[in-house]
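# Got a sequence here, can you model it:
(one chain, ligands or ions: 2)
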Amino acid sequence: MSNSSTIEKAYGMARQRYAELGVGTDEAIKRLAGIPVSLHCWQGDDVSGFETGDGLSGGGIMATGNYPGKARTAEELRMDLEEAMSLIPGSHRVSIHAMYAETGGKGVERNQLQPAHFSGWIDWAKANEFGLDFNGTFFSHPKAESGFTLSSADEGIRRFWVEHGMACRRIAERMGRELGSACVTNMWIPDGCKDIPIDRKGPRERLKKSLDEMFTEKIDRNYLLDSVEGKLFGIGSESYVVGSHEFYLGYAIANNILLCLDAGHFHPTEVISDKISSVLSFLDEILLHVSRPVRWDSDHVVILSDELKAIAQEIVRGAYLDRVHIGLDFFDASINRIAAWVIGTRCTIKALLLALLEPIEKLRRFENSGDLTSRLAMLEEIKTLPFGAVWDYYCLKSDVPAAEAWLKAVKDYEVNVTSKRG
Ligand code: RNT
Ligand code: ZN
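Ligands and ions are numbered 1, 2, ... in the order given. From the prediction side, this is the model:
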């Protein structure tokens, strides 16, 4: 394992090599430190939440695997998140779902949730200097069992979920206000059906009406940023999803709210990296759900894949860092859950660093002058630049383990903490 003087030495050499291409590594590291990634709390407990005794299916999303030691309480989940954060360089955010409310053992209906039910999360975020993001939970609930929530034809059910959305926005406003940083609040609903519907129009009309009602209350954008997330299909909604991409793209543009692009929510050969500059031609800001679909929307742990690199390149090349909120959305229950967070988040940050280290000006010049030969040659050559030395140095300077050294911390934590959970 590298000690700090080896890391510094390797960095010095890397800095020189990048400088030859006109890239400043110190600059890149400085910019990288200012980019928050929002860690999704639901990786820590397989998207279960802490509501009592429902045992209901999760609206077509599911973590597979039964690795021991998942968090059973909010305290455990926060502890695990802190452990993960201590192994990730930079200052980041945590994304909470409404089903992680702390209601003191009392059942509180989702349309009755209050900011007070999240004060444990808010106090913790304050103490640790994490930003918070929020999500409505429109699944794992008796009133979602029919497969329809905001688009339900049952007025009582539809109204219940509208009220849930309104409650979530007030909770999120509180989070944003208390933490001094706008809380990106995402609404994803599972609505759709397994087999071919007769009426595709009615549910969409009702969804639009529900969203209009939910977003009526004007809330300061300094505290709350509303976002909606579409999808292509889910388990049990293979033939029809009410909130499709076109539906929400239209809704977001018409209402000047954020669109959430999830990497697993499109046709298998479609990529969200190519959608960023398209949707940002019409929207001020977007949210990303960085995920890894394997053959379907499987939500595998994010790795340093070509698509992850392309996502980061698009954000950096397009100078969109202020307009793209980077959130994670994966859940794997077959490996150590803290390691899953650390791997996925470190990879996302690595992809951003790679993008910040591109000799963009040089590449642009090649392209603009029609020298496509040099463009391709350079794109391939930069793949073997000493990027790892810059990454290790960034970890060292951020006081987190460089290279694979973080794994030992997770293994120790497993022995001392998670393996002791029943
Ligand atoms: C589901 C969506 C949604 C959820 C989380 C838990 O397909 O991706 O974002 O994964 O809200
Ligand atoms: Zn998602």
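
# if you skip the residues just before and after it, what's nearest to the residue in the stretch 301-422 of the chain that ligand 2 sits nearest to?
Nearest residue of the stretch 301-422 of the chain to ligand 2: residue 329, at 3.9 Å (Cβ to the ion). Heads up, the C-betas are built off the backbone N, CA and C, glycines and all. Spatial nearest neighbour of residue 329, excluding adjacent residues (Cβ to Cβ, 6 or more residues apart in numbering): residue 289 at 3.7 Å.

# where's residue 235 relative to residue 223, distance?
The spacing between residue 235 and residue 223, counted by Cβ to Cβ, to the nearest Å, is 35 Å.

# Who has more neighbours out of those two?
residue 223 (20 against 15; other Cβ atoms under 10 Å).

# show me the contacts for that one.
Shown in contact with residue 223 (Cβ atoms under 8 Å, 6 or more residues apart in numbering): 172, 173, 175, 176, 177, 182, 183.

# What separation do you get for the first one and residue 133?
Spelled out, it's residue 172. Applying Cβ to Cβ, the value for residue 172 to residue 133 is 8 Å.

# confidence score at residue 1?
As summarised for this prediction, residue 1 has a pLDDT of 50.

# which other helices and strands contact the helix or strand containing residue 379?
Using DSSP states H and E, the element containing residue 379 is helix 372-381. Packing partners of helix 372-381 (3 or more Cβ pairs under 8 Å, 6 or more residues apart in numbering; DSSP states H and E): helix 360-368.

# any idea which helix or strand comes after the top helix by length along the chain?
Counting residues, the longest helix found in the chain (DSSP state H) is helix 155-179. Counting by DSSP H and E, the next helix or strand C-terminal to helix 155-179 is strand 183-187.

# Put the alpha carbons of that next one into PDB.
Extracted in PDB, the C-alpha atoms of strand 183-187 (Å, rounded to 0.1, in the frame of the first residue of the first chain):
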ATOM      1  CA  CYS A 183     -33.300  20.300  -0.800                       C
ATOM      2  CA  VAL A 184     -33.800  18.600  -4.200                       C
ATOM      3  CA  THR A 185     -37.100  16.700  -3.800                       C
ATOM      4  CA  ASN A 186     -37.800  14.000  -6.200                       C
ATOM      5  CA  MET A 187     -41.200  12.400  -6.900                       C
END
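
# what comes into contact with the next helix or strand after that strand?
Counting by DSSP H and E, the next helix or strand C-terminal to strand 183-187 is strand 192-193. Residues outside strand 192-193 that contact it (Cβ under 8 Å, 6+ apart): 147, 233, 234, 236, 237, 239, 240, 241, 242.

# what touches both of residue 172 and residue 133?
With contacts defined as Cβ under 8 Å, 6+ apart, the residues shared by residue 172 and residue 133 are 183, 185.

# who touches whichever residue of the chain sits closest to ligand 1 in this structure?
Here the chain gets closest to ligand 1 at one residue, residue 188, 4.1 Å apart by Cβ to the nearest ligand atom. Neighbour list for residue 188: 135, 136, 138, 228, 229, 231, 243, 260 [criterion: Cβ under 8 Å, 6+ apart].
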